[in-house]
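J.: coords please:
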Amino acid sequence: LIGDAFGLRVRRRLATAVGPMAATARVLPKATRERLERERGMGVAAKPAIASKADALQEEAAELAQMGNIRGAIEKYLECQDEGGSVMHKVQALRSFLPYEFFLPKSMGKR
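T.: Purely as a prediction, here's the structure:
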């Protein structure tokens, strides 16, 4: 009897506490939402994506690594580093595979 009364009291408190919060969702007015979307869109569109030589070298190195040519990929990453790319973490990761290079499967060209 006491447990039922306590459970009923707790359920009533939860219903009154959650009810008003659920009814008033916090949504910005439509004009404000549209203005924010336009501003965000301008920031993204204003920055053109120009691929540098380092980016091209990094893509080549990634392809070589994916084909299983670890030594070639390391060399390309080092060239990319010389061009200003930040890829030393990738070089270190590939160097950790050098002892196992001959166990890695070789792919037959591009996938």
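
J.: And the helices in the chain?
T.: Here the chain has its helices, by DSSP state H, at 2-23, 30-45, 53-67, 70-82, 88-95.

J.: Helix or strand with the lowest mean pLDDT in this structure?
T.: Every helix and strand of the chain was ranked by mean pLDDT, DSSP states H and E. The lowest is helix 2-23, at a mean of 62.

J.: Low-confidence regions, this structure specifically.
T.: Within the chain, the stretches with pLDDT under 70 are 1-8, 10-11, 13-25, 42-49, 106-111.

J.: give me that answer again for 50
T.: Applying pLDDT under 50 to the chain flags the ranges 1, 111.

J.: buried sites along stretch 59-71?
T.: 60-61, 64-65, 67, 69-70 (16 or more other Cβ atoms under 10 Å). Backbone N, C-alpha and C define where each C-beta goes, glycine included.

J.: Need these in a markdown table (columns: distance to residue 51).
T.: Shown next, in a markdown table, are these (distance: Cβ to Cβ, whole Å):
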| residue | distance to residue 51 |
| --- | --- |
| 60 | 12 |
| 61 | 14 |
| 64 | 18 |
| 65 | 19 |
| 67 | 21 |
| 69 | 22 |
| 70 | 24 |
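
J.: Just the closest of those residues to residue 88, please.
T.: Each of the buried residues of stretch 59-71 was scored against residue 88 by Cβ to Cβ, and residue 61 proved nearest at 12.4 Å.
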